[in-house]
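1. please work out how this folds:
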Amino acid sequence: MDGVDLDAFSALLTDEGQRLLAGLRDYDPADEIATATRLRREHDAALVSAALTQARLRQRAEAKFGADAYAMYFTPNGVEQSTRASVARHRAERFAALGVRRLADLCCGIGGDAIPLARAGVHVLAVDRDPLTCAVARANARALGLAERIDVRCADVTEVGTDGCDAVFVDPARRGGRGRIFDPEAYSPPLSWAVTAARGAPLAALKVAPGIPHEAVPQDAEAEWVSDHGDVKEAVLWFGTDSGARRATLLPSGASLPAAGLPDPAVRPVGRWLYEPDGAVIRAHLVADVAARVGGGLIDETIAYVTSDERHSTPYASAYEITDVLPFSLKRLKALLREREVGVLTVKKRGSAVEPEELRRRVRAQGPNAATVFLTRVAGAPSMLLGAPAPSP
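-> Model (predicted):
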């Protein structure tokens, strides 16, 4: 933890360490040198270093864990790799609704999934092989009043028996020394091991990267892609639920779109309305399902924009009213924006090499009005669509 070892972390849990942390809740990392110098007059240097590191991590973790972050403990990898609290809560609630009462959380990390599982009434066996990570997970369970529901065990997950558990959750490490790992067999543990472990349990879920190739999804798994406020966060392979199914789940609404096995929608001319499917819908290959719901078609066979002549309300796509459909021309766009006094320009792109920031810089939009421009292809031709977000129904 930025040079903090297990002994230094344990010192944070003492009364002295707790007082130090409490006084650092609102500290400014820009003042770290001055703060460290002041604190080292009264406290051990290693303890001060550990407290400052933890204070920084808590501030970073607030975006994922909300107010809980300031009661919890973290490692840099724990902040980076933990599931966002809203996403973990969704999964925990699904496990609980499926009747799970005792679950093995393999590769538990700092407890980001164990915590909402325990809050949902599930007893959790949380396993990780790193002693410091396990110490942090135990501290988090105690800090949030969940120690009786979370049993943290420091062990290799491939050597831990899950007898007595009615479900298994596996979150393999998908980062290495060189960053993100895209090959599922390079996960730690490999996806093949995780799938075998899942198949040996009555019910299981495996967290994988949202970009997992569909051909890598086992045929007996249900694949769920999850987004939160429009950002795709993860894919989950469920075993013991609906084999072979695909779905996209959107948080915070909880709207969940199951695949209906529809053929690809036809390409048609751009109509009055353009629909931008949520990223989870696109990852789950469910653009056809959105097109069916809005009575629309594609603007290009390779582009995930749906168009229709009528406005339809759907939680699975954002709607825009289109005023202009033009061949791509920077000069034409600049003149049009000037004519309409557009000073606030939102640039979206799909299938275009033009960078939004470069476009905004070159058109130098000025004026009191706002507009959205889509840089894309229409029936194979580079195009620009001008419009605005549809008003709320």
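2. so what's the closest residue in space to Ala216 that isn't next to it in sequence up against?
-> Using Cβ to Cβ, 6 or more residues apart in numbering and skipping the chain neighbours, the partner closest in space to Ala216 is Pro184 (5.6 Å). Using the backbone N, CA and C atoms, a C-beta is placed for each residue, glycine as well. Contact analysis of Pro184 by Cβ atoms under 8 Å, 6 or more residues apart in numbering lists Pro190, Leu191, Ser192, Val208, Ala209, Ile212, Ala216.
3. which SS state does Glu224 fall under?
-> Here Glu224 is recorded as strand under DSSP: H, G, I helix; E, B strand; the rest coil.
4. what's near enough to touch it?
-> Applying Cβ under 8 Å, 6+ apart, the residues contacting Glu224 are Ala235, Val236, Leu237, Trp238, Arg246, Arg247, Ala248, Thr249, Ser256, Ala284.
5. count of residues packed around Ala22?
-> 10 (other Cβ atoms under 10 Å).
6. what bridges to Val152?
-> Ala126 (DSSP bridges).
7. quick check: the residue of the chain positioned farthest from its centre vs Ala34, distance?
-> Distance from the C-alpha centroid of the chain, by Cα atoms, centre = their mean, peaks at Arg41 (41.9 Å). To Ala34, Arg41 is 12 Å away according to Cβ to Cβ, to the nearest Å.
8. go on, Pro184?
-> From Pro184 to Ala34 the distance is 47 Å (Cβ to Cβ).
9. do Asn369 as well
-> Distance from Asn369 to Ala34, by Cβ to Cβ: 47 Å.
10. quick one: buried ones out of the contacts of Pro184?
-> Leu191, Val208, Ala209, Ile212 (16 or more other Cβ atoms under 10 Å).
11. adding pLDDT, distance to Pro131 and secondary structure, write those residues out as JSON lines.
-> Shown next, in JSON lines, are the buried ones among the contacts of Pro184 (pLDDT from 0 to 100; distance: Cβ to Cβ, whole Å; DSSP: H, G, I helix; E, B strand; the rest coil):
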{"residue": "Leu191", "pLDDT": "86", "distance to Pro131": "26", "secondary structure": "helix"}
{"residue": "Val208", "pLDDT": "92", "distance to Pro131": "26", "secondary structure": "strand"}
{"residue": "Ala209", "pLDDT": "89", "distance to Pro131": "27", "secondary structure": "coil"}
{"residue": "Ile212", "pLDDT": "91", "distance to Pro131": "30", "secondary structure": "coil"}
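12. for the stretch 151-300 of the chain, give me the ranges with low pLDDT.
-> Applying pLDDT under 70 to the stretch 151-300 of the chain flags the ranges 175-179, 181.
13. just the helices in it please.
-> With helices called from DSSP state H, counting those that start in this stretch, the stretch 151-300 of the chain shows them at 191-199, 279-283, 287-294.
14. let's see the longest one as CSV, backbone CA atoms only.
-> Taking C-alpha atoms only, helix 191-199 is exported to CSV below (Å, rounded to 0.1, in the frame of the first residue of the first chain):
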residue,chain,number,x,y,z
LEU,A,191,-11.5,-18.0,-16.4
SER,A,192,-11.4,-21.8,-17.2
TRP,A,193,-10.7,-22.5,-13.5
ALA,A,194,-13.4,-20.1,-12.4
VAL,A,195,-16.0,-21.7,-14.7
THR,A,196,-15.1,-25.1,-13.3
ALA,A,197,-15.6,-23.8,-9.8
ALA,A,198,-18.9,-22.2,-10.8
ARG,A,199,-20.2,-25.4,-12.3
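15. show residues contacting it.
-> 106, 157-158, 162, 168, 170, 172, 184-185, 187, 204-206, 208, 216, 218, 220-221, 237, 239.
16. ok now that helix, how far from the chain's centre?
-> Computed by Cα atoms, centre = their mean, to the nearest Å, the chain-centroid distance of helix 191-199 equals 22 Å.
17. what of the second one?
-> When C-alpha coordinates are averaged (Cα atoms, centre = their mean), helix 279-283 and its chain have centres 12 Å apart.
18. now swap in the last one and tell me
-> Using Cα atoms, centre = their mean, we find the averaged C-alpha position of helix 287-294 to lie 24 Å away from the chain's own average C-alpha position.
19. identify the residues contacting Glu310.
-> Residues near Glu310 by Cβ under 8 Å, 6+ apart: Arg272, Trp273, Val294, Gly295.
20. I'd say the second one and Ser313 touch.
-> No: Trp273 is beyond contact range of Ser313, at 11.0 Å (criterion: Cβ atoms under 8 Å).
21. between those two, what contacts are shared?
-> In contact with both Trp273 and Ser313: Ala319, using Cβ under 8 Å, 6+ apart.
22. give me the more crowded residue out of the two.
-> Taking neighbours as other Cβ under 10 Å, Trp273 and Ser313 compare with Trp273 leading, 21 against 11.
23. give me the below-cutoff pLDDT ranges for the stretch 1-150 of the chain.
-> Ranges of the stretch 1-150 of the chain meeting pLDDT under 70: 1-4.
24. which one is Asp7 nearest to, not counting chain neighbours?
-> Asp7's closest residue in space is Ala46 (Cβ to Cβ, 6+ apart), at 8.0 Å.
25. what of Ile150?
-> Ala141 (4.1 Å).
26. secondary structure element for the one you found, which one?
-> helix 131-143 (DSSP states H and E).
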